[in-house]
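Colleague: Need the 3D shape of this:
(one chain, ligands or ions: 2)
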Amino acid sequence: MFLEIEQLRKSYGTGENKVEVLKGIQLGVEKGKICVLLGPSGSGKSTLLNIVGGIDTADSGSVTVAGEVMQGMNDRQLTEYRRKHLGYVFQAYNLIGNLTVRENIEVGAYLSSQPLDIDELLDVLGLTEHQNKIPSQLSGGQQQRTAIGRAIVKNPDILLCDEPTGALDYHTSKDILALIERVNQKYGNTIVIVTHNDAIKNMADQIVKLKDGQIQDVEMNAAKVPAE
Ligand code: ADP
Ligand code: ADP
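Modeller: Ligands and ions are numbered 1, 2, ... in the order given. This next block holds a predicted model:
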């Protein structure tokens, strides 16, 4: 497996206040596939994503990406791991307000030794005509497309998306999910995405249901119909 999660455990707090958030997560995702994490609020989805993303640490277990084991890495190695392997998209776009669309995406490109072609990427994102606008001149959907561009321009092995459509209306949400699928097909990145949006079900290769820190069900979507 390209992304291999083994016996991952995580608790917050100590003593009486200790809460076990992940209780031995075991999960593999093949290269280039879209894996969707579903589950009620508090089931551990964000914690799992953050551990894979190297912005939180597990108590035990391991995460392996492209044969590299994260556990035991020091801070410098973790930073390198994030640069080399990961792109992150959040519900909040977190764009730099005084930079244009193009410049926000260029910020991501500086971090990479093999960035994607920015003009081509702007076209894939549908942002060519908006590239010289700053975030306050954009709709929410356009801001999220820019954030996806910033994450994907370094051509990461894995794109992690935490509720990427959480702040968007129904129609725009569907557009954003379709864009994520297009990015997956064009650039081949492995994608792990947390969302409540039902529209995701058609584009997922693998649907993982979490409950109380455990995997309840994994559904493989063999009948996935590629977009267009
Ligand atoms: P989900 O993304 O499925 O809503 P989370 O991973 O955000 O779930 O949270 C799972 C549980 O872990 C929740 O009960 C939450 O309160 C707790 N939790 C998450 N982060 C922290 C933290 N930094 N400190 C303490 N508890 C946390
Ligand atoms: P989207 O394709 O993301 O759904 P809209 O159709 O909502 O975009 O927006 C069309 C145009 O209106 C955009 O090009 C944008 O410049 C402008 N616009 C939309 N929402 C806002 C906003 N909240 N603030 C500033 N400009 C906006």
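
Colleague: buried ones in the helix or strand encompassing Ile215?
Modeller: If you go by DSSP states H and E, Ile215 is part of strand 214-220. Using 16 or more other CB atoms under 10 Å as the test for burial, strand 214-220 gives Gln214, Ile215. (C-beta placed from N, C-alpha, C; glycine too.)

Colleague: ok, now stretch 99-118?
Modeller: Buried, per 16+ other CB under 10 Å, within stretch 99-118: Thr100, Val101, Arg102, Glu103, Asn104, Ile105, Glu106, Gly108, Ala109, Pro115, Leu116, Ile118.

Colleague: And for the residue of the chain found nearest ligand 2, nearest residue in space, chain neighbours not counted?
Modeller: Closest to ligand 2 within the chain is Gly141: 2.7 Å, counting by CB to the nearest ligand atom. Leaving out its chain neighbours, the residue that sits closest to Gly141 by CB to CB, 6 or more residues apart in numbering is Thr172, at 3.9 Å.

Colleague: wait, is that neighbour part of a strand?
Modeller: No. Thr172: not assigned to a strand; according to DSSP: H, G, I helix; E, B strand; the rest coil it is helix.

Colleague: Show the contacting residues for it.
Modeller: If you count contacts by CB atoms under 8 Å, 6 or more residues apart in numbering, Thr172 has them with Ser139, Gly140, Gly141, Thr165.

Colleague: wait, doesn't the last one sit right on Ile176?
Modeller: Yes. At 5.1 Å, Thr165 counts as touching Ile176 under the criterion of CB atoms under 8 Å.

Colleague: Check the contact lists of those two and give me the overlap.
Modeller: With CB under 8 Å, 6+ apart as the test, Thr165 and Ile176 both reach Gln144.
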